[in-house]
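compute the structure for the input listed below.
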Amino acid sequence: MRPSCSSAVRSSASTASGASEPVLQGALSDLGQDPEADLRCVYCDERPAQTWDHVSSLVKDGKYAGYGHVLGNLLPCCQQCNSRKGGKDWREFLDAELRDDEKRSAKVALLEAYLLRYRPARYSYDEINELLPREVERLQELQRSILALMQESDTVAREIRDKVRARLRT
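Numbering: from 1, shown residues only. The predicted model follows:
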């Protein structure tokens, strides 16, 4: 039986990407994973996968980067590798992490084949804005509202902290 973390990782990819279970199992097999076993980090192969790495960042320069939460942009990953990779290109990350040339070459070939098979066409922010200008404008309005609410929330939280500290001193 899979640990709950591994099951959560598997189900989150299916939900986020809209991939059916057979497609997800095929993708995991193509990554060298046993779909019926605990998932391992595709980068280090050492630790259990606890999250999904976005191969290409969701946002670049404050704008949608083009792939999002799709199977071909998601790789099972441990928290440590996901944190260290951050927004780096996956090849750059592997170059820094895998010193063994043979292992690195094999990993690059595996990931290139996976991305070629599963990664969908990329839509840039500008292309999406051209196709759906009203929806993009509404999204931007919502984002501005959320940021304003977060700033207001920070102000209220700061006031609460200050008042609690003042009461504790009396």
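
give the rounded mean pLDDT of the lengthiest helix in the chain.
Taking DSSP state H as the criterion, the chain has its longest helix at helix 133-169. For helix 133-169, mean pLDDT rounds to 93.

same deal with stretch 58-69?
76.

I figured Leu28 hits Glu36, correct?
No - with contact defined as CB atoms under 8 Å, Leu28 does not count as touching Glu36 (9.4 Å). C-beta: built from backbone N, CA, C; applies to glycine.

who has more neighbours, the two?
Leu28 (22 against 8; other CB atoms under 10 Å).

now the closest residue in space to the more buried one that isn't next to it in sequence: which helix or strand?
Of all residues not flanking Leu28 in the chain, Pro35 sits nearest, at 4.5 Å (CB to CB, 6 or more residues apart in numbering). Here Pro35, judged by DSSP states H and E, is contained in no helix and no strand.

what's the answer for Lys88, then?
Going by DSSP H and E, Lys88 is not part of any helix or strand.

hmm, who's touching stretch 125-135?
Stretch 125-135 is touched from outside by Lys63, Tyr64, Ala65, Gly66, Tyr123, Val136, with contacts defined as CB atoms under 8 Å, 6 or more residues apart in numbering.

so which of these would you say is closest to Gly72?
Gly66 (11.6 Å; CB to CB).

could you say which helix or strand holds the closest one?
Here Gly66 is assigned to no helix or strand, by DSSP H and E.

centre-most residue in this structure?
The geometric centre of the chain, computed from its C-alpha atoms, lies nearest to His54 (CA atoms, centre = their mean), at 3.4 Å.

filter the contacts of stretch 125-135 down to the buried ones.
Tyr64, Ala65, Gly66, Tyr123, Val136 (16 or more other CB atoms under 10 Å).

what helices and strands are in contact with the helix or strand where Glu92 lies?
Taking DSSP H and E as the criterion, the element that holds Glu92 is helix 90-97. When contacts are defined as 3 or more CB pairs under 8 Å, 6 or more residues apart in numbering; DSSP states H and E, helix 90-97 packs onto helix 79-85, helix 101-118.

tally of neighbours for Leu75?
The burial count for Leu75: 27, using other CB under 10 Å.

list the contacts of it.
Neighbours of Leu75 in contact, by CB under 8 Å, 6+ apart: Leu31, Val42, Tyr43, Trp52, Asp53, Val55, Trp90, Leu111, Tyr114.

right, I'll call it a day here.
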